[in-house]
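Undergrad: Here is the input, now give the coordinates:
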Amino acid sequence: VTLRNYLTPVVNATVTLSENDNFVTVTTANAAVGALGTLQETTVATPLQFSVAGNAPSGHPIDFTLTISSGSYSDADRFTVTVLPTFGSVSVNNVATTVTNIGRLGFADPSNSLDGIGFRFKNGTSLLFEGGVIAGAGPTQISNAVRGLIAGNSQGYDKDFTIATGGDLRVMTPGALSDQESIGIFEDKAANSPMQIRVIQETFARKEAPADDFFLLRYTIENQSENPLTGFHFGIFYDWDIDGGSFATNVTTNDVSRKLGYAYDSGSGPKTYVGMSLVSQGDFNYEGIFNDPNAPGFTGIGLHDGFTDTEKWQSISGGIGLNQAGPADVSFVVAAGPFDIAGRATIEVGFALLAGENLADLQANADAAQQFWNELFATKVAEKNEAGLPQAFALQQNYPNPFRSEINTESKIAGAGTVIGFQLPKAEHVELEIYDVLGRKIRTLLQDRRNAGVHSVIWDGLNELGEPAHNGIYFYRMRAGSFVQTRKLVLVR
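TA: Below is the predicted model:
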């Protein structure tokens, strides 16, 4: 605690930390400050400490009071600490936004500007009003985290996603694969007609050009049901406010060749172009939206009269819908699909959220984002030489991912597991190891010489002691000669 005295000098000053919360215990409540002259500043030598109960819910706010006393004088300052916040900011390069583990982007609560930073480019003002996930398998089976129907005089926000077990939001700087990464996990248990999906949302960002004007969003969607999920689409909704005094001059359109939806201001607003591109495999779906159905030139879907599930389904599954909206207050949806997900199976969908100084710059950034995605995640088919052997070293993404490791409660033996493939262009000594998010080695899967060719090993979810590893994120690293590659996997039970 650092104090600065703006009043008359004091002696024998003290500070006291207090709270009134069932999940918190203050363990060191008092500390001496001593004498403090006018305009003098000091840092209290004794840390004030508190502990939080293990059953405190994610996103729980704790209100603290810090009381400063000296003789008959007393004053108080109040502050709030949030336990495992549902939102955090990614801001390692020229784009900055807020991510959550409840399906929202930009703001955890669009009605509260303190719950996020929106979307900013090169330290500018926010250009975003709202962002969030829309997923569905039909007009009557939509799970989403964006605005919905009109109730009375206000428009509500759908809250279909809840934090999954082990899904607390984490922002890591640096990350395992890039300069900054985040991860959060959510499920659609609160939807009116849940699809029983579990969504792992990850972000990846680099500091240096040409990757400094975007970050990647990687979604791993698991069908938690035993039944197949057919005709599934997954998309992102963004309501842009590129404000030059009025949103009425915003425009949204698309670049189909790049699978890119974008927006800009055609009036006196910032000249920044903002966009989202689909960087993974799958059909590109785009919908331009006039927010106000009374806007000049309105056609298609409106928002201010309510955003229905039928309209949301149309926006994520209609191919190229309304090609351009605006000049007006506008939004867009970029989505991928259709997908058929077998029971207990997963798919992967990737987007890039990006900005540029002009359209050409935005398009160049979209191309760089595609290259970055391919570098990190695209499945590489082994090129073979005339002898039928791979021409390059490669570590493949494990399958399935996430994976379940079932433990027999009597024998303590793990069943199933996940397959990790790799390829060698020549014979080499290979090490393949599993690490947790703190960098601790959990298991050595392979430490031996292997001939040139395509190989695989299975991780059964056990550690070196034969005990079940905890649910969560793990990294697996392969070393073969001078070749080193690391990938990420998720274990669930």
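
Undergrad: The protein: helices as residue ranges?
TA: Listed in chain order, the helices of the chain (DSSP state H) span 309-317, 359-376.

Undergrad: okay, the ones you listed, which one's buried deepest?
TA: Each of the helices of the chain was given a mean neighbour count from mean count of other Cβ atoms under 10 Å, and the largest, a mean of 22, is that of helix 309-317. Using the backbone N, CA and C atoms, a C-beta is placed for each residue, glycine as well.

Undergrad: before we move on, back to that, kindly reformat the helices of the chain as TSV containing mean pLDDT.
TA: Conversion of the helices of the chain to TSV gives the following (pLDDT from 0 to 100):
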stretch	mean pLDDT
helix 309-317	97
helix 359-376	95
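
Undergrad: export the ones you listed to JSON lines and tack on distance to Ala335?
TA: As requested, the helices of the chain are arranged in JSON lines below (distance: least, Cβ to Cβ, whole Å):
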{"stretch": "helix 309-317", "distance to Ala335": "4"}
{"stretch": "helix 359-376", "distance to Ala335": "16"}
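
Undergrad: out of these, which comes closest to Pro57?
TA: Put simply, out of the helices of the chain the one that sits nearest Pro57 is helix 309-317, at 28.6 Å, with distance taken as Cβ to Cβ.

Undergrad: How far does that closest one sit from its chain's centre?
TA: Counting by Cα atoms, centre = their mean, to the nearest Å, helix 309-317 is centred 23 Å from the centre of its parent chain.

Undergrad: Name the residues that touch that helix?
TA: The list of residues contacting helix 309-317 from outside it, by Cβ atoms under 8 Å, 6 or more residues apart in numbering, reads 134-136, 138-140, 142, 144, 146, 231, 233-235, 237, 285, 287, 289, 301, 321, 333, 335, 337-338.

Undergrad: Show me the strands in the stretch 201-350 of the chain, by range?
TA: Using DSSP state E, counting those that start in this stretch, the strands of the stretch 201-350 of the chain run over 214-223, 229-240, 250-255, 260-265, 273-278, 284-290, 325-328, 330-341, 346-356.

Undergrad: Dump those strands into a markdown table; add distance to His429 as well.
TA: Conversion of the strands of the stretch 201-350 of the chain to a markdown table gives the following (distance: least, Cβ to Cβ, whole Å):
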| stretch | distance to His429 |
| --- | --- |
| strand 214-223 | 31 |
| strand 229-240 | 41 |
| strand 250-255 | 47 |
| strand 260-265 | 44 |
| strand 273-278 | 40 |
| strand 284-290 | 44 |
| strand 325-328 | 58 |
| strand 330-341 | 39 |
| strand 346-356 | 31 |
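
Undergrad: could those be laid out in CSV, adding mean pLDDT, mean neighbour count and distance to Glu19?
TA: As requested, the strands of the stretch 201-350 of the chain are arranged in CSV below (pLDDT from 0 to 100; neighbours: other Cβ atoms under 10 Å; distance: least, Cβ to Cβ, whole Å):
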stretch, mean pLDDT, mean neighbour count, distance to Glu19
strand 214-223, 93, 24, 36
strand 229-240, 97, 24, 37
strand 250-255, 98, 22, 44
strand 260-265, 97, 26, 44
strand 273-278, 98, 27, 41
strand 284-290, 98, 25, 45
strand 325-328, 95, 23, 48
strand 330-341, 96, 24, 41
strand 346-356, 93, 24, 38
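
Undergrad: so which of these comes closest to Arg477?
TA: Taking these one by one with Cβ to Cβ, strand 214-223 is closest: 18.9 Å.

Undergrad: Could you export the closest one as CSV, CA atoms only?
TA: Taking C-alpha atoms only, strand 214-223 is exported to CSV below (Å, rounded to 0.1, in the frame of the first residue of the first chain):
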residue,chain,number,x,y,z
PHE,A,214,-4.2,-8.9,-35.5
PHE,A,215,-4.6,-11.9,-33.2
LEU,A,216,-6.0,-15.3,-33.8
LEU,A,217,-9.0,-16.9,-32.2
ARG,A,218,-9.0,-20.7,-32.1
TYR,A,219,-12.2,-22.5,-31.1
THR,A,220,-12.3,-26.2,-30.3
ILE,A,221,-15.9,-27.3,-30.2
GLU,A,222,-16.8,-30.6,-28.5
ASN,A,223,-20.1,-32.4,-28.9
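
Undergrad: give me the number of residues near Asp241?
TA: A count of nearby residues for Asp241, using other Cβ atoms under 10 Å, gives 22.

Undergrad: what's the answer for Pro9, then?
TA: As a burial measure, the neighbour count of Pro9 was computed by other Cβ under 10 Å and equals 13.

Undergrad: ok, now Asn227?
TA: Asn227 sits with 11 neighbouring residues when counted by other Cβ under 10 Å.

Undergrad: For Glu208, find the nearest of the helices of the chain.
TA: Proximity to Glu208, assessed across the helices of the chain by Cβ to Cβ, is greatest for helix 359-376 (11.0 Å).

Undergrad: circling back to that earlier point, out of the helices of the chain, which comes closest to Val171?
TA: Closest approach to Val171 among those (Cβ to Cβ): helix 359-376, 17.9 Å.

Undergrad: what's the closest non-adjacent residue to Ser58?
TA: Leu84 (4.2 Å; Cβ to Cβ, 6 or more residues apart in numbering).

Undergrad: Can you check which of the helices of the chain gets nearest to Asp109?
TA: Closest approach to Asp109 among the helices of the chain is made by helix 309-317 (19.6 Å; Cβ to Cβ).

Undergrad: before we move on, the earlier item: so which of the helices of the chain comes closest to Glu41?
TA: Here helix 359-376 is closest among the helices of the chain (Cβ to Cβ), at 44.2 Å.

Undergrad: from the chain's centre, how far out does that closest one sit?
TA: Mean-position distance between helix 359-376 and its chain equals 19 Å (Cα atoms, centre = their mean).

Undergrad: Stretch 439-454 now?
TA: Averaging C-alpha positions (Cα atoms, centre = their mean) puts stretch 439-454 30 Å from its chain's average.

Undergrad: which outside residues touch that stretch?
TA: Around stretch 439-454, the neighbours that count as contacts under Cβ under 8 Å, 6+ apart are 382, 389-390, 420-436, 457, 459, 462-464, 469, 474, 476.

Undergrad: Please name the residues that touch Gly103.
TA: Taking Cβ under 8 Å, 6+ apart, we find Gly103 in contact with Gly132, Val133, Asn144, Ala145, Asp160, Phe161, Phe186, Val199.

Undergrad: quick one: which of those residues has the most company?
TA: Counting neighbours by other Cβ under 10 Å, the top entry in those is Phe161, with 29 neighbours.

Undergrad: from what I can see that one touches Phe186, true?
TA: Yes - applying Cβ atoms under 8 Å as the test, Phe161 and Phe186 come out as touching, 4.2 Å apart.

Undergrad: Now the common contact residues for these two.
TA: Once Cβ under 8 Å, 6+ apart is applied, the residues that Phe161 and Phe186 both contact turn out to be Ile102, Gly103, Val199.

Undergrad: Ok, which of the helices of the chain comes nearest Gln49?
TA: The minimum distance between Gln49 and the helices of the chain falls on helix 359-376, with 40.4 Å, by Cβ to Cβ.

Undergrad: related to what we said a few turns ago, and Asn94, which of the helices of the chain is closest to it?
TA: Set against Asn94 and scored by Cβ to Cβ, the helices of the chain come closest in helix 359-376, at 9.6 Å.

Undergrad: Give me the contacts around the closest one.
TA: Contact partners of helix 359-376, identified using Cβ under 8 Å, 6+ apart, comprise 177-178, 204, 206, 210-211, 213-214, 216, 255, 258, 260, 262, 264, 273-275, 277, 279-280, 350, 352, 354-356.

Undergrad: Fine by me, thanks again.
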